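Chemist: Generate a structure from the sequence data that follows.
(chains A and B)
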Amino acid sequence: MNTIYLTGQEKRIFSQLSDVLREGWDIEEEKGQFQDSEEKLSMRMALLRLHDPKLLEMQKRAVGLSSEKLAELLAKTSLKGVEDDDLAELTFAIGPSILSKLIAGLLLQAKTDAELEDISALALIRHSLLKSYVSA
Amino acid sequence: MTFTASIPAPSSPPDDNPQPEYQPAEIDHEVPDSSAISHQRIMSTVQPLQPKGGKNDVETSRPFKATPEVISQFLELKVDEVLAQMQSVGGREQLFAKLMEHEEYLRKIHDFNPEELRRQLEVAGEAVSAKEKFMKDVTSPEKKTVMRRAWDRLKGFALHHPVITVLLMACLVAGGYATWHYAGNTIMAWLHGLAETAPADVLRRATEAPAIIPAPPPAPSGPWHVSPLPPGLG
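Modeler: This is a model prediction of the structure:
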């Protein structure tokens, strides 16, 4: 995974990283675009289909919790052991716009190759999401 | 661990079943202390978001939400049939026509508008089609290896990027409500707030950051609605 799909503006930030950090990475321009909205996000949430019993349990448990306890529940969970299909479901629900925010933030603080691998992973998922909307 | 930030607590599900008391999650408690601190910091920077409305809205405004589940139950079709129909113009027309056969009833119990229904079906159709393409793409044999590595990176985010894990978990929670409810602007705004909080530490480093961060979706004009169970089925 040596390719990172970045928008034009993200590419400019990438270009400001050190030569050492940029070395070995191929940058592909992300040309996909998507205008998100509350309604679209809400509909994607409604299409969420999870299979992992742990996630389903957490979903049930979250209903009706107070703000504080919901925060606590969210913060205590990790994605370890979650099936790839469920991760795909979650990332589809989140959508490309929110992923773009995350990518931008991570890119700005990238200091290691491992962080660029994280960005590359998110950008690859975003790329696939944007492609899926092109001819939807 | 105590969080000082307010996170929107969505309303109860349609059946209003009493919810069990909160118990510590049995699922992966593997976030180390340092990450927990990050969580606390992150959560404390999220602006409290108050629902615009609440239970009273159920009495005054009950918009019909054309999710696959709602239509499935209303028309007594399998969800998969609804999803398949939503993907084509003709299929959406059929769903619209079938729902319109119940227009009088829908108007009686919902804030129902045929044009709004038609528009919702378009939004649903776009999302259903996109999702099918996305799932097919990321599970295709050609992409299996590269996607596996991407998912593995994501699974490790609890250590390095806890807010992203929290964001995905928040999405999971929101999904639990959105099946039947308008998840509303509260949790949606919160998701965006979290996404903005993630890079908060570094935004000060680059002046160009605001330019690359997409603008948040337009603020919803209506109140925070809660949709009841599909009519005629409860």
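
Chemist: C-alpha from now on. contacts and neighbour counts both.
Modeler: Will do.

Chemist: contact partners of stretch B:111-127?
Modeler: A:39-40, A:43-44, A:133, A:136, B:61-67, B:86-88, B:92, B:96, B:100, B:106-107 (Cα atoms under 8 Å, 6 or more residues apart in numbering or on different chains).

Chemist: Just the ones in helices from those, please.
Modeler: Among those, the members found in helices (DSSP state H) are A:Glu39, A:Lys40, A:Met43, A:Arg44, A:Tyr133, B:Met86, B:Arg92, B:Phe96, B:Met100, B:Leu106, B:Arg107.

Chemist: Could you measure from the fifth one over to B:Met100?
Modeler: Here the distance between A:Tyr133 and B:Met100 works out to 29 Å (Cα to Cα, to the nearest Å).

Chemist: Please identify which of the two sits among more neighbours.
Modeler: A:Tyr133 (19 against 14; other Cα atoms under 10 Å in any protein chain shown).

Chemist: quick one: low-confidence ranges for chain A?
Modeler: Along chain A, the parts satisfying pLDDT under 70 run over A:1, A:66-68, A:71, A:75, A:135-136.

Chemist: so where do the helices sit in it?
Modeler: With DSSP H as the criterion, chain A has helices at A:8-15, A:19-22, A:38-46, A:53-62, A:67-75, A:84-109, A:113-134.

Chemist: Quick one: work out the angle between the longest one and helix A:38-46.
Modeler: Which is helix A:84-109. Relative orientation of helix A:84-109 and helix A:38-46, computed by axes from the mean of the first three to the mean of the last three Cα atoms, to 10 degrees: 140 degrees.

Chemist: got it, and the last one?
Modeler: An angle of 100 degrees separates the directions of helix A:113-134 and helix A:38-46 when computed by the same axes, to 10 degrees.

Chemist: For helix A:113-134, buried residues please.
Modeler: A:115-133 (16 or more other Cα atoms under 10 Å in any protein chain shown).

Chemist: Would you tell me which of the helices of chain A gets closest to B:Glu142?
Modeler: The closest of these to B:Glu142 is helix A:113-134. By Cα to Cα, the value is 13.1 Å.

Chemist: got any ranges where chain B has weak pLDDT?
Modeler: B:1-62, B:158-160, B:162-163, B:176-234.

Chemist: remind me, longest helix of it?
Modeler: helix B:114-138.

Chemist: Can you give me the buried ones in stretch A:6-25?
Modeler: A:Leu6, A:Thr7, A:Glu10, A:Lys11, A:Ile13, A:Phe14, A:Leu17, A:Leu21, A:Arg22.

Chemist: So which of the buried residues of helix A:113-134 reach chain B?
Modeler: A:Glu117, A:Asp118, A:Ser120, A:Ala121, A:Leu122, A:Leu124, A:Ile125, A:Ser128, A:Leu129, A:Lys131, A:Ser132, A:Tyr133 (Cα under 8 Å from any Cα of the partner chain).

Chemist: Which residue lies nearest the spatial centre of chain A?
Modeler: A:Leu99 (4.1 Å; Cα atoms, centre = their mean).
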